[in-house]
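> Sequence and predicted model, in that order:
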Amino acid sequence: MQTRHLPRRARVFHLISDRQSVLCTFLLMASICAVGCDDRPRGQGPGHREQPLALSPAQELQIGREAFHEILERTPPLTGGPDLERVTRVSQRIAKAAQIEPLQREINLRLADYEFEWEYCVLKNDQVNAFCLPGGKIVVLTGLMRTIQTDDQLAAVIAHEVAHALAHHASERVARERTIGHGLLSLSYNRKQESEADHIGIFLMTFAGYDPQQAVVLWQKMMNAGQNQVHLPEFLSDHPNDGRRMEQLQAWVAPARAAKKALDEGRVAPAVQHR
């Protein structure tokens with residue numbers, strides 16, 4: 001569904017059901033002003049891959065602030081209760097783990113010039129969903145809280161969504177679509193972003209002290225719940241197919257645990273001091 005011509009508040013409401021399309025609409029609106037700016041980030045992204053971005057750090061933060069404000073205006077968040085307490089507790093641990101320098105260095109996250117104003121909220125909505133806006137605004141829907149069974153599983157979801165924000169994926173999508181537009185190539189980049197968020201998320205939740213195997217358990221549960229639904233072939237989807245995703249997640253569990261153990265035991269090289 002295209003949302004570019006919807007009224008502003010309608011776009012925000014649609015974010016709850018289709019966060020990527022509307023977030024990109026917000027980003028497209030802001031990036032119009034960014035065309036030609038020399039301060040937009042360039043260079044390598046996660047995994048040292050080339051990553052063009054559409055927005056400067058300041059623009060990305062402002063977009064997150066505005067989108068978060070309008071979402072809360074449209075749908076008042078929970079002000080207390082076990083769901084909010086749980087989301088806050090888990091989100092704070094994930095946000096703290098994102099500050100671990102060896103983890104940032106290993107993944108090559110570009111965070112030095114970025115500011116994250118971490119905020120957490122829970123919205124009453126039956127959809128099984130969560131998302132993290134640029135700048136660290138985490139939103140979880142109550143439908144997800146009814147689905148997860150443990151803090152570890154909640155951490156898997158939140159870490160995946162936070163990974164999108166840490167990796168500047170929304171800004172990258174805008175930059176990519178400027179050059180290649182929509183189509184099969186664009187879907188291929190989106191699948192890569194989803195796999196990248198899975199990869200970063202596994203390490204992020206592990207460094208936050210959660211069990212990465214529970215990410216595999218959760219996504220297997222999700223996959224089983226949707227097995228009667230019609231699925232597009234992978235090349236027509238913006239997500240990896242379920243089988244590939246499960247294989248990748250399982251393959252990353254042991255390395256994530258080993259990296260966390262190395263950090264705990266002081267076997268991680270210190271950061272290089274630039275003069």
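Nice, thanks for sending it over.

> CA atoms for contacts and neighbours, from now on please.
Will do.

> Counting neighbours, what do you get for T150?
Neighbour count of T150, defined by other CA atoms under 10 Å: 12.

> which phi and psi does it have?
Per-residue torsions, T150: phi -140, psi 160 (degrees, to the nearest 10).

> Residue ranges in this structure under the pLDDT threshold?
1-43, 180-188, 226-241, 272-275 (pLDDT under 70).

> Now with 80, please.
Residue ranges of the chain with pLDDT under 80: 1-43, 179-190, 223, 225-242, 269-275.

> Figure out the helix or strand that E177 lives in.
Under the criterion of DSSP states H and E, E177 resides in helix 169-180.

> Show me the helices in this protein, by range?
Here the chain has its helices, by DSSP state H, at 8-15, 19-34, 57-74, 82-97, 101-107, 142-145, 151-166, 169-180, 184-207, 213-225, 242-264.

> can you redo these as JSON lines with distance to Y114 and mean neighbour count?
Shown next, in JSON lines, are the helices of the chain (distance: least, CA to CA, whole Å; neighbours: other CA atoms under 10 Å):
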{"stretch": "helix 8-15", "distance to Y114": "24", "mean neighbour count": "19"}
{"stretch": "helix 19-34", "distance to Y114": "16", "mean neighbour count": "19"}
{"stretch": "helix 57-74", "distance to Y114": "5", "mean neighbour count": "18"}
{"stretch": "helix 82-97", "distance to Y114": "14", "mean neighbour count": "18"}
{"stretch": "helix 101-107", "distance to Y114": "13", "mean neighbour count": "16"}
{"stretch": "helix 142-145", "distance to Y114": "29", "mean neighbour count": "19"}
{"stretch": "helix 151-166", "distance to Y114": "9", "mean neighbour count": "25"}
{"stretch": "helix 169-180", "distance to Y114": "13", "mean neighbour count": "19"}
{"stretch": "helix 184-207", "distance to Y114": "18", "mean neighbour count": "22"}
{"stretch": "helix 213-225", "distance to Y114": "28", "mean neighbour count": "17"}
{"stretch": "helix 242-264", "distance to Y114": "24", "mean neighbour count": "16"}
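
> Kindly state which of those is positioned closest to F131.
helix 151-166 (5.3 Å; CA to CA).

> Show me what that closest one is packed up against.
Secondary structure elements in contact with helix 151-166, counted by 3 or more CA pairs under 8 Å, 6 or more residues apart in numbering; DSSP states H and E, are helix 82-97, strand 130-133, helix 184-207, helix 213-225.

> how about 6 Å then?
Here helix 151-166 touches strand 130-133, helix 184-207, helix 213-225, going by 3 or more CA pairs under 6 Å, 6 or more residues apart in numbering; DSSP states H and E.

> Ok, which of these comes nearest P57?
Taking the helices and strands packed on helix 151-166 one by one with CA to CA, strand 130-133 is closest: 13.3 Å.

> Pairing partners for that closest one, with directions?
According to DSSP bridges, strand 130-133 forms sheet pairs with strand 137-141 (antiparallel).

> what comes into contact with the strand it pairs with?
W118, E119, Y120, C121, V122, L123, K124, N125, N129, A130, F131, C132 (CA atoms under 6 Å, 6 or more residues apart in numbering).

> And that strand, how far out from the chain middle?
Its chain's C-alpha centre and that of strand 137-141 lie 11 Å apart, by CA atoms, centre = their mean, to the nearest Å.
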